[in-house]
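# have a look at this prediction, sequence included:
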Amino acid sequence: MSTSQAVPPIARAELRACADTFGMSLSDAELDLYASFMAGLTANFNLIAAMQAPRLPVKYPRGAGHAPSAADNPYNAWYWKCSIKGAPSGKLAGKRVVIKDNIGVAGLPMMNGSKVMEGFVPDEDATVVTRVLDAGAEVVGKATCENFCFSGGSHTSATGPVRNPRNPDYRCVRPQADLWLGALYRRRTHRTIGRSPGPNGDEQCRLRATAGSTGGL
């Protein structure tokens, strides 16, 4: 275990600068109180950061992929394009799958819709990605994700809004717009988007709401 600190203790001057940014006037006693609150969080973070993280092996070879061109991405549903071929046989053999960009794929950028994470590249596949590849699917890219997945719409991504195919001047209703567009347009404009849906869920009726707003239902 490393003994170096990943995050140094917060200084009073740093807290004052932050407070000034938000137009807050805090006394030295208040700043010291906030610093004491943050000390425990910083210590916990440093403890975890110093631990040796386990690494899962990357089972399937792949290239770096590429950002989609404007012609290949008219509704901004793609974040990244690639070709990662899975096992030669399995329940998903012959299927092309898009992974939403809140799920790690080794060697491919993962932005999670936010400028904060721009440039981050995972060094291992999420378990769900490995299972999809083990089942014989081909991962053909990553779908645009709303900013930190923290939105009820498709308009907050740092790469721009996912547009509604019925009227590009409008957005799609829900964050799963990217995946639904893949299913809706696979037979119309770009067959590589996916013959099977990308991994995600229907929490808060997101897939159904998106399907309704784009004419899929």
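Great, that's in hand.
# list the helices and strands the helix ranked longest in the chain packs on?
In the chain, assigned by DSSP state H, the helix with the most residues is helix 28-50. For helix 28-50, the elements it packs on are helix 12-21, judged by 3 or more Cβ pairs under 8 Å, 6 or more residues apart in numbering; DSSP states H and E. Placement of C-beta: from N, CA and C, glycine included.
# lowest-scoring secondary structure element of this protein by mean pLDDT?
Lowest on mean pLDDT, DSSP states H and E among the helices and strands of the chain sits helix 177-185, with a mean of 50.
# identify all contacting residues around the longest strand seen in the chain.
In the chain, taking DSSP state E as the definition, the longest strand is strand 78-85. Strand 78-85 is contacted by residues 60-68, 72, 101, 105, 108-109, 111, 133, 138-145, 159, 178, 192-193 when judged by Cβ atoms under 8 Å, 6 or more residues apart in numbering.
# helices or strands up against the helix or strand that comes right after that strand?
Next helix or strand after strand 78-85 toward the C-terminus (DSSP states H and E): strand 96-100. Applying 3+ Cβ pairs under 8 Å, 6+ apart, one finds that strand 96-100 makes contact with helix 127-134, strand 138-143, helix 177-185.
# need the CA coordinates for strand 96-100. PDB is fine.
Taking Å, rounded to 0.1, in the frame of the first residue of the first chain, the C-alpha atoms of strand 96-100 are listed here in PDB:
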ATOM      1  CA  ARG A  96     -24.200  -5.700 -32.900                       C
ATOM      2  CA  VAL A  97     -24.400  -4.000 -29.600                       C
ATOM      3  CA  VAL A  98     -24.000  -0.300 -28.500                       C
ATOM      4  CA  ILE A  99     -22.700   0.400 -25.000                       C
ATOM      5  CA  LYS A 100     -24.000   3.500 -23.300                       C
END
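# where in this structure is pLDDT low?
Low-confidence segments of the chain, defined by pLDDT under 70: 1-5, 171-217.
# domain-wise, how is it divided?
The chain breaks down by automatic domain parsing into domains covering 12-50, 78-213.
# circling back: so which bits of the longest helix of the chain are buried?
For helix 28-50, the neighbour count (16 or more other Cβ atoms under 10 Å) marks 31, 35, 42, 46 as buried.
# the first one and residue 92, how far apart?
For residue 31, the distance to residue 92 (Cβ to Cβ, to the nearest Å) stands at 55 Å.
# and if you look at the third one?
From residue 42 over to residue 92 the distance is 44 Å, taken as Cβ to Cβ.
# same thing with the last one?
When distance is defined by Cβ to Cβ, residue 46 is 41 Å away from residue 92.
# what does residue 12 give?
Distance, residue 12 to residue 92, using Cβ to Cβ: 56 Å.
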